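Chemist: no sequence on this one, just coordinates:
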């Protein structure tokens with residue numbers, strides 16, 4: 001079954017946040033002055049159980065979802081996450097399961113468990129290779145080598161084409177663009193530079209701190225000859241380039257929005273559905289799942305919800321280049 005929204009965009013991907021907790025306090029996501037020791041995270045009973053996530057994923061697969069990405073918070077903080085993956089892998093229609101992680105919990109044992117359970121792809125966040133900048137951005141006592149070790153463990157487990165996501169901010173880590181490319185030069189990893197986005201409100205987004213796609217390409221092209229590559233699939237968010245060291249990408253939601261091809265829906269750890277990363281409103285699917293509603297009734301609800309979707313925040317924001325002062329879901333809550 002295929003369902004489309006008001007702009008004829010098909011539902012193909014679901015991003016599932018399995019926890020709101022994280023062992024990092026990244027300044028653009030969970031700044032430590034807000035997410036401190038007094039911050040109240042969800043109780044176990046408030047978040048969706050594996051059984052509830054599996055049930056909803058089966059319904060979404062019936063509606064056309066092919067890809068599942070597990071996020072957080074930090075998804076590896078969710079106990080026995082490999083068990084959830086193994087169940088999702090067996091859902092008819094699901095062709096790809098991926099995960100976004102900060103990588104520091106990717107021990108050899110954990111990496112092999114993830115691979116054996118059916119996880120297809122990994123994306124690892126790494127915003128700087130400089131120890132001082134890394135700690136400042138991540139708000140943690142970890143160092144880049146902790147992440148790099150996790151990446152190596154993932155490779156040993158059999159993961160290929162691991163994506164390395166680097167959020168680039170002006171006067172924070174833009175000097176790390178070339179070092180990041182060079183660190184993974186000729187490797188089986190693909191660096192993806194991400195424009196600093198106005199997700200949520202706690203990161204105090206400022207357009208003057210954005211290093212745009214054009215700026216990033218300018219820096220790289222001064223050292224390497226680059227060539228634009230075609231999309232791997234229609235709804236791919238990263239624009240791709242080849243260079244002598246392999247491939248890199250840029251996710252440019254600010255300067256080059258990709259709303260027109262967006263096929264994603266987002267599920268929070270507490271069971272709220274968002275039809276856009278920048279959405280103000282959510283849909284309480286947990287209440288439906290925990291009620292006496294049948295799968296058919298939930299399926300009909302989701303069909304109506306997606307059919308009414310008309311989100312294109314990045315396009316309307318870019319027209320004025322101003323981030324509207326609205327109450328948006330935070331990155332750590334919606335799962336990025």
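Modeler: Yes, it's here. The structure presented is a predicted model; accordingly, all values stated were derived computationally and were not measured.

Chemist: show me what contacts the residue nearest to residue 50 when sequence neighbours are not counted?
Modeler: Spatially, and ignoring its direct neighbours in sequence, residue 50 is nearest to residue 84 (4.8 Å; CB to CB, 6 or more residues apart in numbering). C-beta coordinates here come from the backbone N, C-alpha and C atoms, glycine included. The contact partners of residue 84, by CB atoms under 8 Å, 6 or more residues apart in numbering, come to 18, 50, 53-54, 70, 78.

Chemist: for PyMOL, what selects the buried ones among those residues?
Modeler: To isolate the buried ones among these in PyMOL, judged by 16 or more other CB atoms under 10 Å, type:
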select buried, resi 18+50+53+70+78
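
Chemist: which of the contacts of residue 84 fall in helices?
Modeler: Members of those lying in helices (criterion: DSSP state H): 50, 53-54.

Chemist: what is the nearest of the residues you listed to residue 284?
Modeler: residue 53 (15.3 Å; CB to CB).

Chemist: against residue 24, how distant is residue 16?
Modeler: Using CB to CB, to the nearest Å, one gets 19 Å for the distance from residue 16 to residue 24.

Chemist: who's more crowded, the two?
Modeler: Neighbour totals were compared for residue 16 and residue 24, and residue 16 leads with 25 against 22 (other CB atoms under 10 Å).

Chemist: would the more buried one count as being in a helix?
Modeler: No - looking at residue 16 with DSSP: H, G, I helix; E, B strand; the rest coil, it is strand, so not inside a helix.

Chemist: bridging residues for the closest residue to it other than its chain neighbours?
Modeler: Distances taken as CB to CB, 6+ apart put residue 267 closest to residue 16, at 4.8 Å, once the chain neighbours are dropped. The bridge-partner assignment for residue 267, based on DSSP bridges, gives residue 16, residue 273.

Chemist: touching, residue 267 and residue 286? I think so.
Modeler: No - with contact defined as CB atoms under 8 Å, residue 267 does not count as touching residue 286 (9.4 Å).

Chemist: these two - which one has more neighbours?
Modeler: Legend: neighbour count by other CB under 10 Å for residue 267 and residue 286, higher for residue 267 (27 against 20).

Chemist: contact partners of stretch 51-63?
Modeler: 1-3, 11, 14, 16, 18, 48, 65, 68, 84, 87-88, 91-94, 265, 267, 271, 285-286, 289-290, 295, 298-299, 302-303, 306.

Chemist: let's go with 7 Å and repeat that
Modeler: Residues outside stretch 51-63 that contact it (CB atoms under 7 Å, 6 or more residues apart in numbering): 1, 3, 11, 14, 16, 68, 84, 87-88, 91-94, 267, 285, 289, 295, 298-299, 302-303.

Chemist: let me see the ranges of the strands in the stretch 51-200 of the chain.
Modeler: With strands called from DSSP state E, counting those that start in this stretch, the stretch 51-200 of the chain shows them at 67-71, 96-101, 121-125, 162-168, 189-195.

Chemist: residue 261 is nearest to which of these?
Modeler: Of those, nearest to residue 261 by CB to CB is strand 67-71, at 13.7 Å.

Chemist: quick one: average confidence on that closest one?
Modeler: Taken as a whole, strand 67-71 carries a mean pLDDT of 98.

Chemist: list the contacts of that strand.
Modeler: Strand 67-71 has contacts (CB under 7 Å, 6+ apart) with 12-18, 57, 88, 94-100, 335-336.

Chemist: before we move on, back to that, what about the contacts of stretch 51-63, which are in helices?
Modeler: Per DSSP H, the contacts of stretch 51-63 map to helices at 84, 87-88, 285, 289, 295, 298-299, 302-303.
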